[in-house]
Each structure stands twice: as C-alpha cells, then as structure tokens.
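sequence-free structure coming up:
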C-alpha cells in the first residue's frame with residue numbers, strides 16, 4: 001500500500017512538522033512519503049504530481065491558511081482516482097467535524113486532535129479488518145452515509161513518538177528552510193480566541209532527547225529553528241536548561257520562541273542578558289490587548305506592567321530581538337481602546353510589531369459566544385471578523401491601513417530615525433501617525449501598486465509636505481540619513497534633488513581628502529583618495545548635527561556635512577559627519 005502525507009505550506013521555506021510526526025510514528029510498519037507544496041502552487045500541478053506518485057492512501061494536514069486550496073485538490077484528486085482513500089487532519093478540521101464530513105464528501109476519514117496514534121491505527125484497519133469504529137479519534141461515514149464520530153483518543157506519552165527530525169530527505173534543506181521544533185504540547189492558559197486553550201495541561205518531551213535532536217539539527221546545518229511551544233518559559237528550570245544548551249552549541253543557528261513575558265523571572269532575564277550571544281535568540285510575545293475588560297472577557301490573564309518590565313529589560317540587554325503581537329477586534333475593544341493598546345505597545349519599541357485581526361477559529365470560546373458581541377465574520381477561513389458591537393467595518397478598514405503602513409515603515413526598519421522623530425515630535429501619538437499616513441496612502445491608490453525603496457521615502461515626503469508638517473528640514477535630513485544608511489552599495493540616485501552643485505561637491509571632496517582628520521581619526525585611517533571618495537561616498541548638507549541626534553535624540557541646529565562611505569569589499573556602510581564651517 002502506497003501512503004503519502006501532504007500539506008500546502010504558506011511559503012516554500014516553511015516545513016510541516018505534523019507530517020514528519022505521522023511518518024516517524026507509522027514507520028517501519030507503514031512506509032510514508034512526505035510531499036509538501038505551497039498555497040501559491042496551481043491546483044492542477046499539485047494534483048498531477050500527487051497522481052504520478054500512485055498513492056493508495058493520502059493524508060492532508062489542514063490549517064486555516066490552506067483549507068480552501070486543499071479542498072479543491074481533494075475534489076480533483078477523487079475525480080481522477082476514485083478508489084483512493086483520503087484522510088484529513090489538523091487543527092482546522094478537528095472541530096465542527098460533522099460540518100466537514102458534510103462539506104467534503106470526497107474525504108473518507110477525519111483524524112480529530114492529536115494524530116500520530118490514530119493515523120497508524122487507521123492504516124492498520126485499512127489494511128486488515130476495516131473496523132473503523134475501534135479507532136478512537138476518528139470520524140468517518142458508514143456505508144449508508146451516516147456520519148460517525150468516535151470517542152477521542154487518550155493523549156500520547158510524547159516520548160513514545162520516534163524523532164521526526166532525522167529523515168535523510170530533510171537534511172539538504174536545513175540551511176534553506178525553517179525547522180519547527182517542539183519541546184512540549186499544550187498550554188497552561190485559557191485564552192478564548194486561541195485553539196491552544198482547549199487542550200488542558202502541558203506535556204513535555206524528555207530533556208536528553210530534546211538536546212540530542214537539537215544538536216543533530218545544528219550540526220547538519222540548520223539555520224533557523226522555531227520552537228512551536230505555546231509558552232516556552234512556563235517552567236523556568238526547563239527553559240533555562242535549553243537556553244544554556246543552545247548558548248553552548250548554537251554554531252550560528254538562530255532560535256525563535258513564543259514566551260509569556262509577564263511570567264518571565266528576573267533571574268532568567270539576567271542570565272540571558274549576561275550569557276546569550278547577540279542575535280541567536282528571538283522572542284515572540286503575544287500582548288493582543290492592554291484593555292483589562294477585554295482580557296477578562298477572553299479569560300486572558302496578563303500583567304502589562306510586568307510584561308513591560310520584561311520587554312524593556314530584554315531590549316536594554318541588546319541581545320534578543322522581540323516580536324510583539326496585537327489583535328484588533330477582541331470583545332469590547334473599540335477603536336479608541338485599540339488606539340490606546342497600540343500606543344501602549346509601540347512605546348516598548350519592539351523590533352517588530354505585528355497587527356493582526358481576530359479570527360473566529362472553530363472550537364474557540366469567542367466563536368461559540370459570537371452572538372454575545374454581535375460578531376460578523378467570514379464564513380470560510382480565515383474567519384476574520386468584519387465587525388462587532390463596538391467596532392464597525394469602516395473602523396476595521398481604517399485599522400487595516402495602519403497595519404499596511406506599519407509593515408512597510410516600522411517592521412522593515414527602513415527609516416527608524418525618521419519614524420522615531422515623527423511619532424514623538426510631530427504627531428499626537430504613534431497610532432495617529434500610522435493612521436493618518438495609512439489613510440493618505442489608501443487615498444493615493446498606492447496600496448494597489450509596488451514600491452521601490454526610494455518610492456517609500458518619496459511618498460512619506462509627499463504626505464508630510466501636503467499636511468504642512470513642521471520641522472521639515474529636520475525630518476528631511478533624517479530621511480536622507482536613513483536612506484543612505486539603508487544601502488549596502490552606493491545608491492544610483494537619491495529620491496530628492498541634491499543641494500550641492502557639481503563644483504561644490506568636488507570642492508568638498510577635495511577638502512575632505514586633503515584634511516580627513518577634520519572628519520574624524522577613524523575616517524582619516526581609511527586613507528581615501530579624492531577619486532575613491534567620488535566613487536564610494538555620498539555626501540549631503542544637513543541643517544543639523546545628525547551624529548549628535550543619533551546619540552542623544554536632541555536637535556542641534558548647525559549646518560553639517562553628512563559623508564556616507566560604502567565599503568566595496570565588506571559591503572557595509574559607515575556614516576561620518578563634519579561641521580560645514582570646518583570645510584569652508
């Protein structure tokens with residue numbers, strides 16, 4: 001019997017850990033082939049490829065991001081190969097199971113919940129007695145079409161699952177793709193918008209096994225390992241032991257964790273700040289809302305004061321990038337309340353702030369009680385909300401504009417110094433900047449076209465000019481600095497008209513080449529000739545001392561020459577400044 005398990009990942013670089021668990025548990029009794037695609041792949045191409053493998057049984061792992069595309073593939077596959085047994089499983093189909101049995105008649109079996117043991121038991125029954133009523137955790141139909149949903153299967157002893165991380169066919173992709181890793185299952189919290197809250201209790205894998213698997217992945221070239229544990233730091237000693245192991249053995253690999261910041265112990269923070277190498281750890285922190293009434297309704301326990309302390313201490317340590325999440329559309333979080341939530345969290349200046357919108361996932365408390373808050377949401381995945389009793393569709397559309405500009409101008413870090421000045425000195429709050437710019441962006445029709453780096457600067461400049469923003473010389477100088485320093489190579493052209501004529505530029509470069517010590521000792525040590533300066537530097541006159549601003553965030557108005565050197569071999573950029581008066 002030929003068995004294939006498959007899924008449609010959101011991107012090529014992603015990998016499906018669930019498929020590897022199924023394979024590791026089913027073998028050697030049932031050899032399993034893993035085949036992965038993406039949601040961007042044409043359905044006909046996927047069906048043709050799967051058909052060519054001649055499977056007798058095929059299983060699909062289903063999530064909100066791929067369910068609709070997966071259904072299309074299942075329907076086509078059943079038409080061209082009617083005798084194939086089709087199994088689906090995963091979080092998207094583990095709830096409202098009778099709905100899925102009715103909606104997708106081409107599916108023969110649905111695995112509900114944790115799948116390893118159920119999948120193997122089902123394969124045994126398919127190849128022997130066909131007594132499917134004995135397979136706990138399975139849903140199917142009788143011969144007359146009557147749906148059957150068996151009792152749930154008891155939770156597995158996690159260490160009974162053979163490792164899913166050592167398949168030979170995965171090794172060549174470790175450097176190019178994300179590796180997902182699990183040290184525990186379950187979540188101690190009960191947030192009503194999250195599927196993790198449904199599983200009671202947390203189970204852990206054996207520590208020696210975890211270390212052995214991690215070391216195997218690192219030594220075989222893994223570059224990014226994302227831990228899928230819902231709350232990695234729930235057990236302090238357990239987390240500390242893994243942190244220490246990764247510090248000792250990382251070999252340049254990067255590790256990402258989901259943590260709960262308000263329960264992070266001070267001694268753990270101190271340990272990380274003192275011992276973690278810079279750049280190997282990333283933390284994802286779900287804040288979602290700072291509205292206490294909202295958090296109480298969704299049964300989310302969060303101490304924002306403690307969370308703030310943790311985020312700031314990590315940031316002060318300078319070792320770990322932080323990704324903070326917000327959810328717009330939670331119960332009783334109206335537009336003004338969400339504005340406050342956004343500003344509360346942006347004040348922490350995370351390296352990345354993800355603004356998402358509530359999705360009414362099947363099986364969650366918010367979906368079961370949707371009528372209590374008059375939720376209107378999409379009928380099909382991703383079940384994103386359209387409105388509720390305190391947030392209108394028009395307000396959601398406006399917040400989506402905030403999300404669009406936030407991604408382009410903050411999360412991509414194209415002009416950090418400029419944005420910092422704008423949100424502190426020019427707009428009432430960070431949210432107001434992103435909202436006003438987002439509204440303007442949408443009005444100009446820019447959301448429907450592509451953007452080069454210079455376009456982003458030019459469009460921000462246009463927006464600020466039309467609203468008659470004050471401190472225009474300061475802002476433009478910051479934008480120039482950010483633009484120059486966001487290139488590894490000398491840019492071909494700026495997005496503004498140079499203030500210097502050619503003869504002025506030549507005169508400045510000649511003076512700098514003859515007296516480099518006027519710039520700085522470090523600059524003088526570069527020993528750049530006038531020809532090299534012409535070839536590898538950009539210079540511009542700013543109305544203020546940019547170096548002083550970068551260090552102190554204070555404006556010192558003094559005409560200053562900005563010199564940006566693009567090192568041709570190292571492909572790095574080094575900015576220098578010198579008072580214009582010194583070169584006159």
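Yep, that arrived. It should be emphasised that the depicted structure is a prediction, and the values quoted were computed from it without experimental measurement.

so how far is residue 295 from residue 283?
As defined by CB to CB, to the nearest Å, residue 283 lies at a distance of 20 Å from residue 295. Quick note: C-beta positions are derived from backbone N, CA and C, even for glycine.

swap that for residue 229, please
If you measure residue 229 against residue 295 using CB to CB, the figure is 22 Å.

The two: who's more crowded?
For residue 229 and residue 295, the more surrounded residue by other CB atoms under 10 Å is residue 229, and the numbers stand at 24 against 20.

can you give me the strands for the stretch 1-150 of the chain?
3-9, 32-38, 57-61, 85-89, 109-111, 138-141, 147-149 (DSSP state E, counting those that start in this stretch).

Looking at those, which is nearest to residue 162?
When the strands of the stretch 1-150 of the chain are compared by CB to CB, strand 32-38 sits nearest residue 162, at 12.1 Å.

Output the contacting helices and strands for that closest one.
On a contact count with 3 or more CB pairs under 8 Å, 6 or more residues apart in numbering; DSSP states H and E, strand 32-38 meets strand 3-9, helix 17-26, helix 43-52.

mind giving me CSV with the ones you listed and columns for distance to residue 323?
Converted to CSV, these look like this (distance: least, CB to CB, whole Å):
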stretch, distance to residue 323
strand 3-9, 20
helix 17-26, 20
helix 43-52, 31
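
Can you lay out the ones you listed as JSON lines showing mean pLDDT and mean neighbour count?
Listed next are the helices and strands packed on strand 32-38 as JSON lines, based on pLDDT from 0 to 100; neighbours: other CB atoms under 10 Å:
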{"stretch": "strand 3-9", "mean pLDDT": "98", "mean neighbour count": "23"}
{"stretch": "helix 17-26", "mean pLDDT": "98", "mean neighbour count": "22"}
{"stretch": "helix 43-52", "mean pLDDT": "98", "mean neighbour count": "15"}
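
closest to residue 423 out of these?
The closest approach between residue 423 and any of the helices and strands packed on strand 32-38, judged by CB to CB, belongs to strand 3-9 at 35.5 Å.

Identify all contacting residues around that closest one.
Outside of strand 3-9, the residues within contact range by CB atoms under 8 Å, 6 or more residues apart in numbering are 15-16, 18-19, 22-23, 26, 30-39, 41, 46, 50, 53, 55-63, 66, 69-70, 73, 90, 123.

Double-check that residue 342 belongs to a helix.
Yes - when DSSP: H, G, I helix; E, B strand; the rest coil is applied, residue 342 is found to be in a helix.

show me what contacts the closest residue to it other than its chain neighbours?
Setting aside the residues directly before and after it, residue 342 is nearest to residue 431 in space (CB to CB, 6 or more residues apart in numbering), at 4.5 Å. Contacts of residue 431 were listed using CB under 8 Å, 6+ apart, and they are 339, 342, 343, 346, 402.

can you confirm residue 431 is in a strand?
No - going by three-state DSSP, the assignment for residue 431 is helix, not a strand.

any idea how far it is from residue 542?
29 Å.

So for residue 432, what's the nearest residue that isn't a sequence neighbour?
Of all residues not flanking residue 432 in the chain, residue 339 sits nearest, at 7.9 Å (CB to CB, 6+ apart).

The one you found in helix, strand or coil?
Going by three-state DSSP, the state assigned to residue 339 is helix.

sorry, back to before: who wins for proximity to residue 456 among the helices and strands packed on strand 32-38?
When the helices and strands packed on strand 32-38 are ranked by proximity to residue 456 (CB to CB), strand 3-9 comes first, at 28.9 Å.

Tell me which strands that closest one pairs with, and in which orientation.
Taking DSSP bridges as the criterion, strand 3-9 forms sheet pairs with strand 32-38 (parallel), strand 57-61 (parallel).

Measure how far the last one is from the centre of its chain, please.
Between the centre of strand 57-61 and the centre of its chain there are 27 Å (CA atoms, centre = their mean, to the nearest Å).

do the same with stretch 284-304
20 Å.

Residues in contact with it: which ones?
Against stretch 284-304 from outside (CB under 8 Å, 6+ apart): 189-193, 197, 256-262, 307, 311, 322-327, 330-333, 337-338, 340-341, 344-345, 350, 365-366.

Swap in 6 Å and give it another go.
Outside stretch 284-304, the residues within contact range by CB atoms under 6 Å, 6 or more residues apart in numbering are 190-193, 258-259, 261-262, 323-325, 327, 330-333, 337, 341, 344-345.

Report the buried residues of it.
284-291, 294-295, 297-298, 300, 302, 304 (16 or more other CB atoms under 10 Å).

how far does that stretch stretch from start to finish?
15 Å (CA to CA, to the nearest Å).

With stretch 526-542 instead?
Stretch 526-542 end-to-end distance (CA to CA) = 23 Å.

try stretch 405-422
Using CA to CA, the span of stretch 405-422 from its first residue to its last is 14 Å.
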